[in-house]
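*Asks:* Sequence and computational prediction follow.
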Amino acid sequence: MASILVAGGAGYIGAHTCLDLFNKGFTPVVYDNLSNGHAEFAKWGPLEVGDIRDRGRLDEVLRKYRPLAIIHFAAAIEVGDSTKDPGFYYENNVAGTINLLRAAQAAGIDKIVFSSTCATYGIPTSIPIDEGHSQSPINPYGRSKLIVEQILRDLDLYQGFRSVILRYFNAAGADPEGRIGEWHSPETHAIPIAIETALGRRPYFQVLGTDYDTRDGSCVRDFVHVLDLAAAHTSAIAHLLNNGGSCALNLGSGHGTTVKELLATVQHVVGRDFEIKQGPRREGDSPALVADNALAERALGWSPRHDLQSIIVTAFNWHSNYLPI
Ligand code: UDP
């Protein structure tokens, strides 16, 4: 069966993508240093423990499996954290990716699907955001991803190394069967924290910023189901294998939800109230991020199939029944 190297495949979006790849006939080879990933998430293909900064290990794994292409999730991903230790974000996300790209080229691989982010847009001047919107990230995390996007464009321009850059909005939800889901330690993301609060595992939810220029003062985000993201990666691989050209695509639902609206929806869907406190803004947060997702539909035939309710139901199922605590 055709192998795809999935760097960071033991993480949240990576593991859901491995499941989707497997269901569509590929063998996902997970390459992960397990710093944030979980060995038990590598269920649909072999797990090779390794770091993207380790060239020797990468060469060894690429020689062993001879994958047709790479999907690259391996990265540090927290906005707030990136403002505390930017050097680590550049070392891991930029230097590590250059190392992975050099190893791929040495192994004769010339196709990659790269996890980027709506954080590369910074503070949008118009909503919804399309891919032509200027990219001016406001935190080191977003800048680390934008630098890699620029590197990938040069590799395509000068060497024909093709890439599909996927700019995720807010990934959420879980496998409905509860085999995998969102599992970060510590957890910093809004939906899992709201669910943990609903489950009584946290005393309250703190809204980080209530004075933004939005309809209720809290940030607006576009939550997209991880199953939809996973399907987009498999489509992006098919696109590259069918000689499709390089592109950068937004992956979002196209709907904006404020943090306060999100909390009301979580309380309604799971049928439990919990305490909500107002807190200060979190450094590096953009006031509003909502995708125009039309280009992904045109390029990959992709459109989201799952709504916010389904995101919350599957995330609640994962957190209450399966997440090891
Ligand atoms: N957020 C919040 N309280 C929390 C965690 C997150 O108010 O305990 C807000 C955060 O400030 C942002 C939104 O929820 O406006 C989404 O944050 P998350 O970390 O989930 O994703 P990000 O947008 O940073 O990728």
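*Replies:* Right, received. Where do you want to start?
*Asks:* Please identify the residues of the stretch 101-250 of the chain in proximity to the ligand?
*Replies:* Counting by CB under 6 Å from any ligand atom, the residues of the stretch 101-250 of the chain close to the ligand are Asn170, Thr188, His189, Ala190, Ile193, Gln206, Val207, Leu208, Gly209, Cys219, Arg221. All C-beta spots, glycine's among them, are computed from the backbone N, C-alpha and C.
*Asks:* what about burial for those residues, which qualify?
*Replies:* Asn170, His189, Ala190, Ile193, Gln206, Val207, Leu208, Gly209, Cys219, Arg221 (16 or more other CB atoms under 10 Å).
*Asks:* List just the nearest of these to Leu263.
*Replies:* Each of these was checked against Leu263 using CB to CB; the closest is Val207, at 7.5 Å.
*Asks:* Work out the sheet partners of the helix or strand hosting that closest one and label each with its direction, please.
*Replies:* Using DSSP states H and E, Val207 sits in strand 204-208. Here strand 204-208 has these sheet partners by DSSP bridges: strand 275-279 (parallel).
*Asks:* buried sites along the partner strand?
*Replies:* Under the neighbour-count criterion of 16+ other CB under 10 Å, strand 275-279 has Ile276 buried.
*Asks:* How about stretch 308-317?
*Replies:* Of all the residues in stretch 308-317, those buried under the rule 16+ other CB under 10 Å are Leu308, Ser310, Ile311, Ile312, Val313, Thr314, Ala315, Phe316, Asn317.
*Asks:* Next, work out how far apart the fourth one and Leu21 are.
*Replies:* For Ile312, the distance to Leu21 under the criterion CB to CB, to the nearest Å works out to 26 Å.
*Asks:* Which pLDDT value does the model give Ile325?
*Replies:* If you check Ile325, the pLDDT there is 69.
*Asks:* Name the surrounding residues that touch stretch 232-246.
*Replies:* 4, 17, 20-21, 24, 26, 68-69, 71, 111, 113, 152-153, 156, 162-166, 249, 251, 296, 299-302 (CB atoms under 8 Å, 6 or more residues apart in numbering).
*Asks:* Just the buried residues of the residues you listed.
*Replies:* In the contacts of stretch 232-246, the ones that pass as buried (16+ other CB under 10 Å) are 4, 17, 20-21, 26, 68-69, 71, 111, 113, 152, 156, 162-166, 249, 251, 296, 299-300, 302.
*Asks:* Can you tell me which of the residues you listed end up in strands?
*Replies:* Ile4, Ala69, Ile71, Lys111, Val113, Arg162, Ser163, Val164, Ile165, Leu166, Leu249, Leu251 (DSSP state E).
*Asks:* Which one of those is nearest to the ligand?
*Replies:* Leu251 (13.0 Å; CB to the nearest ligand atom).
*Asks:* Spit out the contact partners of the closest one.
*Replies:* Residues counted as contacts of Leu251 (CB under 8 Å, 6+ apart) are Leu166, Arg167, Tyr168, Phe169, Val224, Asp228, Leu229, Ala232, Ala291, Asn293, Ala296, Trp302.
*Asks:* Mind jotting down where the strands sit in the stretch 101-250 of the chain?
*Replies:* 111-117, 162-168, 170-172, 204-208, 220-221, 223-225, 247-251 (DSSP state E, counting those that start in this stretch).
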